[in-house]
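# coords please:
(2 chains)
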Amino acid sequence: MNASQTQPLSGLSVLLLEDEFLIALDAEEILTGLGAAQVEIVNTLSAARDALENAGFDLALLDINVNGEMSYPVAEQFAKENVPVVFASGYELRDPPRLNGAPVPCVSKPYTRDDLKSVVMAALARV
Amino acid sequence: MSEENLSELEDQPAILVPDRPQAGVQPAVCPVIGLGASAGGLEAFQNFLAAVPADAGLAYVLVQHLDPNHESMLAELLSRRTPMPVHQISDGMTIEPNRVYLIPPNASLSIKNSTLKLQEFAEPRGFRRPIDDFFRSLALDQGANAACVVLSGTGGDGSEGLRAVKEAGGLTVVQRPDTAKYDGMPNSAVATGLVDKVLDVSAMPAAIRDYFERGPARIFDLPDIADFLLEVCAELRLRLGHDFSQYKRSTMLRRVQRRMQVIGAQSGEEYLAQLRDKPTEAELLFRDLLINVTCFFRDAEAFDALRREVIPALLAGKGAGDKIRIWAPGCSSGEEAYSIAILIAEQLTRARARPQVQIFATDIDEPMLAKARAARYPQSGVKDVPLELLDRYFFAQEDDFVLVQSIRDIVRVSNHNLIKDPPFSRVDMVVCRNLLIYLNADLQQRLVPVFHYALRPGGWLFLGSAENIASRNDLFEPVDQSARIYRRRGAQRQSVSMPLFAEPLLTSMPEARPRSNGAVERSDQATRRMLERYAPAHVVVGPDNEVIRASNRTGKYLELAEGPPTTKVTDLARRGLRSAVRGVLETARTTSKRAVQRDVRVDTGSDEALFVDVVADPLDETETLLVFQDATTFHRDDPGENVQIDSYSGEDRISHLEDELDETRLKLRTTVEELETSNEELKSSNEEMMSMNEELQSTNEELATVNEELKNKVDQLARANSDLHNFIEGTQVPTIFLDSRMRIRTFTPATRALFRFQEQDRGRLLSDVVSRADEKLVDALVRKVLETGAPHEEELAIEGGERYMLRVLPYSDAQKAMDGVILVFSDVTKVRQTQAELAHNMALARQRTDEIETLYKTAPVGMALVDRNQRFLKINKHFADLTGHAVEDHIGRTLREIAPTLSERMERPVEEVFENERPVDNVEATVSVNGGVLQDFLIDYYPYQEDGRTIAVGIVIKDISELRRLERELRRLMGELQHRVKNTLATVASIVNQTVATKGDRVELVDTLKKRIGALAATHSLLTQRDWRDASLGDIIRTEFGPYDRFDRISISGPDVRLPPKHALTLTLTLHELATNAAKYGALAAPNGKLAVDWEVREDGVEKRLTIQWRETSASKKAGAAHHEGFGTRLIKNAVVHDLGGRVEHQLASDGLQCNISVAIP
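Okay, the predicted model is just below:
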């Protein structure tokens, strides 16, 4: 097992949009475990936009439903900045959401380390 | 030379008058043609008119026997055959040329001053002779300007009129009897001998026109007129043996002229040629010359004088054995002779003795003599006969009057030429009226001595009113000059030379030889003695063998026979003698000579046989002498001469023989005449019978027609009756016919359902019949209708629950008068039941309809019915609300007009239902109706059928928008739930991860996990209790502290604050970690430690902020030590901040932990 496989996020900066503290806590640990150098956690859409303006990210893990709001517009903004996006959702999505015509990797809550790892790798592989 | 000047030709003062000078003095503008017809007349008229040239210039008057009770269609029928106008005559019409005038029904027509007159018939129906009536008036009014035509018909109407026309100088035409449909009238007319022309009908008009166009022949202008007439007379004498040279010239001329006009001879020569060549012309002229007008009691005053002056004298002193002889030469058809006979018969009724009267009526005109023998006369002939005489001496036969036999017996009619034949002699009266006027004066002068010769001394002469014999006063003295009655003067007979003027050219009748008979009776005593004593026994027997006289001593030969006494000698003769007597009598009579039978054996009753010679010797025509002579005494050599011869002087003898000859001749003639007469009578009877037969036949035909009609009627009636009977028997309608007294006329069998009718009930009162109906009510109804005459009806309740409608109608007889009533019963029980059922069903139906209507109105669905053209037939309010139009606005309009968007979706399914006749269900449609919001509809379509045919489509439409919204909401909720559950699970997973990472001890790990998840679960419970809307902060805190059971050390206070789920859950986790730490390491772990949890809510106009103060006091020493930066503390410090945006002040003071949590709440 090489490093990219065990730590696909090695040295990368990740934005985590999650309104539930405990879930964000868990996700942060997994992301860190996957090698992420920095994990910035935001709990609102506007905070996510602010973060995108202020700093560059290598990956965005976005909860789809944030306090009842959908995060698709934010995802488009990240995609525009060429930041790979991964959606996390409690919903069973029949069709995966798309950005610029391409399906966006999704992980269903509650997810394991491996679940997240595979989608993160898929997202990164597209770039 | 005019006619008036003719008199100059006459060489003698005239005892002459022009014949019928009064006729035709004022003729019409054109000749008038009278046509008469009866049966078969229509055809004859039509043929006649079809042949009439329209411009012939004649007027035609048609007389037909018409049914008085019917409008005649004759005018219409005839006008089709002629261009001339056809007028049905009205009174006062004036004759104009080229017109047809038609007699109307039931009127007698005459013409006077060229004007047509209508009158009612004087005679009863059956005695009317309209043709005769008109022809007579025509003759009188128009004279020679008239013509009469007799056409088809039965009977003899027209003949007498024709005679009048002829006498007045008019033309007489008759249809050829064999061409006539009915030849009675033509035959009768022809029989008058007065017909100028017998023609086919189609030839008549031209002949008549020619006749009138020719006009009278101009022979008066002839210079040699006398020679012409002489030649005519010579021709007549040659042909007929009658000499007319002594005829009055004017009369002769007029009649010759007329004949010429008839046959169309233009000149004298032409006529003479005709007369020579045509054998009939002489006869016709002869007939014309003899035309005479006569009638009974013509010149009543003269006859009255005769009755007063002459007849009584004539009969005076005459006994039964006397004879009165009267001679009527020129008797024509016998009226004068019969008039005299009647007068005498009248006189004789008052006389005791009745002399034998003989009237010799003679003429040369055989047809007239035939009439005289027939003794049958039309009414016109007897008009001057006093009514009582008419009653007594005539009897009516058909339209004519016939003389009774007693009068006919007096008159002997015979053919005798006054001029050429020897006159009758020793007559008591000569009646010669209106004969002399036709003769010229010379002949008149020479006839007077003939009358003188014929009359006995003192005999009477009776002349016509225009005649006199004043010039021969030496022979006759006038008795009554005005009545023209004269009496013979002197006793001496003047000799007359017979024939008077000419030798007869034809053999006269052979003279009968006088029979030598007539023994002269002598009252000679010697003879009588001789007879009494010496003559053989004899009897004189009459024509029937009756014994008239008997001599003495007849007993030997005659005896009374058995049985009733008789005088017949054939019965009286003794046995053995009878056949001999019969034989000789018969022989003697047939031979008129003496007959003898000798040695006849007579049975005298004794042994001695007696032989007798029987002699029959005829004495005269009737009496026969029967002589019985004993054979021994009979002189066989008797020569049988039984004529006694008297000695007379020669002159006496000649005179006597002459007398006898005359008498014998007369007797013979009379006998022959009688024979002829009876023969004629038989013939005429036969003719009468024939004509009667014809009439009977025509009557029979009429009767047959009537019979046929009646039979037809009867058949119809029978059929109608049968129909009626079948109807009455067959009808199921109870019907009763009552008369006006409420008695039963008839009833239909169906009536027995209500009345106990027996057949014999007909004629009984209706009230007598037992009925199930209310009799009083029925009775009252019938009376009401009988009183008012108006129909009435009433419903009757019958015992047993039946109901009948009774109609009472007035019964009208043929005259529309009410004659009873008709009761018609109709069983309305079922009708009433059905009516009730119907009403019930209708109520049910109405109720159901109401239900349906209510459903339609109230159902929360739209309902409508559309036809094949998508037009609304029906729609409910709900549907209407959907489209936004009023209910009534839909009806008749299409879906497309009303709701275009809906129609886009609905039209196709509607068509499908019509096509397949199957419902189409659960069609969904999301439509914006009339620009409103999108609505979801669920629509059902079903076929609406009548008589198995889909005539409409029903639509049921439901708005399911709300359902769909709820469905969407549910889906959203489900998504939300999933999101929440997954988040919760993710939270739990995170808790497990963190807990596992921090706890080494497995038991503690499980306990910690259970408590952390348990706190979450407890708040979930609180939230679920509140439908996940909120949870009370106090409840959360108290639940958290529940397991610790140290309320004396814990104080909790704060207002009631409701927290949204996320706040509740985040605060629950935070407070649970605070409480766990307090129990493990903080105040609750210390023996005196205390914990206070207070919270408050502040509003500052911007937001509502909850502040929770966690204060631990007197906490254990361990608290601080243990207080490392573990999962619990991280959670306390960060969760509220991260999840709720709140603030957390967490400081570990000396006395214990103090934590302030501030968070905004909605």
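# pLDDT weak spots in chain A?
Along chain A, segments meeting pLDDT under 70 span A:1-5, A:94, A:127.
# what does the stretch 1051-1162 of chain B put close to chain A?
Counting by Cβ under 8 Å from any Cβ of the partner chain, the stretch 1051-1162 of chain B comes close to chain A at B:1062, B:1066, B:1069, B:1130-1131, B:1134-1135, B:1138-1139, B:1141. Any C-beta I mention is one placed from the backbone N, CA and C, and that applies to glycine too.
# Only the buried subset of those residues, as a ChimeraX command please.
In ChimeraX, this line selects whichever of these come out buried by 16 or more other Cβ atoms under 10 Å in any protein chain shown:
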select /B:1066,1069,1131,1134,1135,1138,1139
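# next structured bit after the helix or strand containing residue B:840?
Assessed by DSSP states H and E, residue B:840 sits inside helix B:829-858. Next in sequence after helix B:829-858, counting helices and strands by DSSP H and E, comes strand B:862-866.
# Residue 63: what's it in contact with?
Since you didn't name a chain, this refers to chain A. A:17-20, A:23, A:71, A:87-89 (Cβ atoms under 8 Å, 6 or more residues apart in numbering or on different chains).
# wait, chain B
By Cβ under 8 Å, 6+ apart, the contact set of residue B:63 is B:34-37, B:103, B:109, B:130-131, B:134.
# Residue B:1107 now?
When contacts are counted by Cβ under 8 Å, 6+ apart, residue B:1107 touches B:1095-1098, B:1156-1158.
# Who is it paired with across the strands?
For residue B:1107, the beta-bridge partners are residue B:1096, residue B:1158 (DSSP bridges).
# Model confidence score at it, please.
For residue B:1107, the pLDDT comes out at 94.
# residues near the residue lying closest to residue A:102 once chain neighbours are set aside, how many?
By the measure of Cβ to Cβ, 6 or more residues apart in numbering or on different chains, the closest residue to residue A:102 outside its immediate chain neighbours is residue A:126, 7.1 Å from it. Neighbourhood size, residue A:126 [other Cβ atoms under 10 Å in any protein chain shown]: 11.
# Check the spacing between the closest residue to residue A:36 other than its chain neighbours and chain B real quick.
In space, residue A:36 comes closest to residue A:9 once its chain neighbours are excluded; the distance is 4.1 Å by Cβ to Cβ, 6+ apart. Residue A:9 sits at a distance of 18 Å from chain B (criterion: Cβ to the nearest Cβ, to the nearest Å).
# Give the full set of residues in contact with residue A:9.
Taking Cβ under 8 Å, 6+ apart, we find residue A:9 in contact with A:31, A:34-37, A:58-59, A:120.
# can you name the two of those residues that are farthest apart?
Pairwise distances across the contacts of residue A:9 peak at 13.9 Å for A:37 and A:120 (criterion: Cβ to Cβ).
# The two: which is more packed in?
Comparing residue A:37 with residue A:120 by other Cβ under 10 Å, the one with more neighbours is residue A:120, at 25 against 13.
# Next, the buried residues of the helix holding residue B:840.
residue B:856.
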